[in-house]
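pasting the sequence and the predicted model now:
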Amino acid sequence: MKTITRYKMQQTRKSQLTFSNILKALLTLTITASCLYSITASAQETDGIKVEVNASQVTRFVIATPKALNVGTALDTIGLTEQLGGTLEQSLKLSGYFDLLERELYPADPSSEGMSPKFVNWFNAGTQGLIKSSFAIEGNKARVTLKLFDVDEKKQVKLADNVDEATSIALDPKAIRAHVHRFINQVIKFYTNTPGFFGTQIAAVRKGARGKSIVLVSADGRNTTTVVKGTKTNLLPHLAKGEIFFTSYRDGGPHLFSTKNGKITRLSARRGLNMGAALSPDGRLLVVVLSYQGSSDLYLLNPSTGEILRRLTRHKSIDISPTWSPDGKQIAFVSDREGSPQLWVMNADGSNKRRLTYQGKYNQSPDWSPKGDLIAYTSRDENFVFDIFTIDPKDPTQVRRLTQNQGNNEEPSFSPDGRHIVFSSTRTGRSELYIMTGDGFTQQRLTQGGGYITPSWGR
């Protein structure tokens with residue numbers, strides 16, 4: 001690993017969801033989308049968390065991606081040069097690990113060297129890595145070659161899965177992007193020892209004129225697919241093992257449903273609330289929020305039938321927002337049983353409940369990292385707005401702030417490898433999805449068009 005460019009990030013922001021109003025809505029069984037996502041915080045309420053964004057140093061890798069070479073006889077009339085180059089650059093930026101070498105620093109006419117770089121020129125330009133790309137259009141396909149070079153070592157890097165071999169690909173933008181993403185995943189693995197997240201999906205709610213839909217967003221933000229149309233209010237998607245669990249008013253509600261391969265199944269339509277589902281890592285148990293016995297408590301259900309297997313909490317307070325530890329032995333959740341909404345942890349059988357957070361008066365929407373080392377959550381700060389924080393479940397004194405003064409930042413969800421977080425933010429005026437590295441230092445906008453909330457990164 002080589003040290004390249006170091007950055008300091010200072011971020012601040014504002015939000016609008018209060019847990020107290022959610023609790024009132026839950027108690028009166030009048031959950032609506034506005035209760036969940038847009039209730040204004042009151043300036044009369046207690047002070048919030050006051051942890052500042054850490055501005056420690058971040059190491060990133062400088063990489064160059066010169067223009068793709070057309071090595072065939074057919075002219076590029078479909079913009080394949082731009083497709084390859086644009087996808088390479090966008091993916092490298094979105095990963096958060098790279099700085100792209102400014103093009104004015106490139107050696108003169110880099111295309112003249114073809115796919116065999118003159119390493120001394122690129123070394124003098126200040127780059128560590130170099131990605132060369134070429135293509136030849138052959139009928140309705142293109143033969144694409146992508147190669148990574150280690151400039152310091154003056155050699156090509158051999159990547160796994162033969163992603164750097166010449167490959168015949170259909171002349172379709174999605175197919176081209178998919179191939180580039182496979183390549184970039186291995187580039188990221190070379191530099192960080194873990195493959196990238198491209199090829200994964202994120203479930204979210206998207207607010208539209210007719211209601212709230214459940215959508216799937218590709219990890220690069222280029223493709224959005226509606227899986228549950230928003231003719232009724234749909235809430236709180238949870239994507240796990242290719243299945244989306246969600247709450248909907250489609251038949252009265254709020255009832256719990258799942259959808260997979262286009263089929264929608266109702267899992268729980270008990271009186272009161274049926275919401276907040278989270279699938280266990282082994283896929284055998286579904287922890288959900290039910291209130292048919294009065295208060296809002298956590299239960300274990302059979303994820304296929306909706307049958308209640310065990311009641312986990314039994315308290316007059318509100319217990320919501322469960323999330324599993326990656327080993328399936330613990331569940332973190334939100335409870336106001338000591339006066340304000342805080343993060344709690346219990347064993348997966350409901351035993352040994354203990355409070356996790358003590359900083360901040362409104363802590364909510366936890367998500368346990370697949371690495372097991374952190375829980376990301378939303379907390380109200382000293383300005384009565386909400387930002388994203390992480391806490392070490394083994395050492396709860398270790399709290400770190402990831403966002404600040406950049407609009408409303410809420411509902412964090414870890415990537416499958418635990419190294420990135422997707423979240424919703426209104427920093428541009430409308431609610432969009434953003435991706436940041438797990439330390440919060442690199443934040444990139446993922447979606448366009450507004451209305452995206454409550455993301456769940458599939459794993």
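That came in fine, so what should we check first?

how much space separates Glu410 from Asp172?
Distance of Glu410 to Asp172, computed by C-beta to C-beta, to the nearest Å: 36 Å. Any C-beta I mention is one placed from the backbone N, CA and C, and that applies to glycine too.

need the per-residue pLDDT for the most far-flung residue of the chain relative to its centre.
What lies farthest from the middle of the chain is Thr73; by C-alpha atoms, centre = their mean that is 41.9 Å. As predicted, Thr73 sits at a pLDDT of 94.

in space, what's closest to it - neighbours in sequence excluded?
Once flanking residues are discounted, Thr73 sits nearest to Ala136: 7.7 Å by C-beta to C-beta, 6 or more residues apart in numbering.

then Ala160?
Ala160 sits nearest to Gln186 (C-beta to C-beta, 6+ apart), 5.4 Å away.

packing partners of the host helix or strand of the residue nearest to Thr73?
Ala136 is part of strand 129-138 when elements are defined by DSSP states H and E. Under the contact definition 3 or more C-beta pairs under 8 Å, 6 or more residues apart in numbering; DSSP states H and E, strand 129-138 sits against strand 58-64, strand 69-70, helix 80-95, strand 141-150, helix 173-192.

which one of these lies closest to Val289?
helix 80-95 (33.2 Å; C-beta to C-beta).

buried sites along the closest one?
80, 83-88, 90-92, 94-95 (16 or more other C-beta atoms under 10 Å).

quick one: contacts of that helix?
63, 65, 67-68, 70, 98, 100, 131, 133, 135, 137, 142, 144, 146, 171, 173, 176-177, 180-181, 184, 187-188, 196-198, 220-221, 435, 444, 446 (C-beta atoms under 8 Å, 6 or more residues apart in numbering).

same deal with stretch 450-459?
By C-beta under 8 Å, 6+ apart, stretch 450-459 touches 37, 200-208, 215, 217, 235-240, 242, 244, 370, 410-411, 413-416, 422-424, 429-433.

Val71 contacts Ser134, correct?
Yes. With contacts counted by C-beta atoms under 8 Å, Val71 reaches Ser134, the gap being 4.8 Å.

who's more crowded, those two?
Ser134 (19 against 13; other C-beta atoms under 10 Å).

tell me who's in contact with that one.
By C-beta under 8 Å, 6+ apart, the neighbours of Ser134 are 68-71, 114-115, 144-145.

what pairs with it across the strands?
Leu69, Thr145 (DSSP bridges).

got a pLDDT number for it?
97.

what do you get for Val58?
Reported pLDDT for Val58: 58.

any of the contacts of helix 80-95 buried? List them.
For these, buried by 16+ other C-beta under 10 Å: 63, 65, 68, 70, 98, 131, 133, 135, 137, 142, 144, 146, 176-177, 180-181, 184, 187-188, 196-198, 220-221, 435, 446.

out of Glu410 and Asp172, which sits in the more crowded spot?
Each of Glu410 and Asp172 has its neighbours counted (other C-beta under 10 Å); Glu410 has more, 25 against 12.

any idea what the more buried one is bridged to?
Taking DSSP bridges as the rule, Glu410 bridges to Ser424.

ok, Lys263 next?
Lys260.

run a quick neighbour tally on it.
8.

pull the contacting residues for the residue nearest to Thr73.
By C-beta under 8 Å, 6+ apart, the residues touching Ala136 are 70-74, 142-143.

go on, Leu100?
Here Leu100 is in contact with 62-65, 89, 92-93 (C-beta under 8 Å, 6+ apart).

for it, phi and psi?
phi -80, psi 130 (degrees, to the nearest 10).

so what's it scoring on pLDDT?
97.

that one bridge partners, please.
Bridge pairing for Leu100 (DSSP bridges) gives the partners Ile63.

tell me the contacts of Lys118?
Neighbours of Lys118 in contact, by C-beta under 8 Å, 6+ apart: Pro107.

no wait, Phe135
By C-beta under 8 Å, 6+ apart, Phe135 lies in contact with 68-72, 76, 80-81, 84, 142-145.

report the residue ranges of every domain in this protein.
Domain assignment for the chain, taken from automatic domain parsing, gives 12-55+200-457, 58-192.

distance between the strand holding Ala136 and the chain's centre?
30 Å (C-alpha atoms, centre = their mean, to the nearest Å).

and what of stretch 91-102?
Chain-centre distance of stretch 91-102: 18 Å, with C-alpha atoms, centre = their mean.
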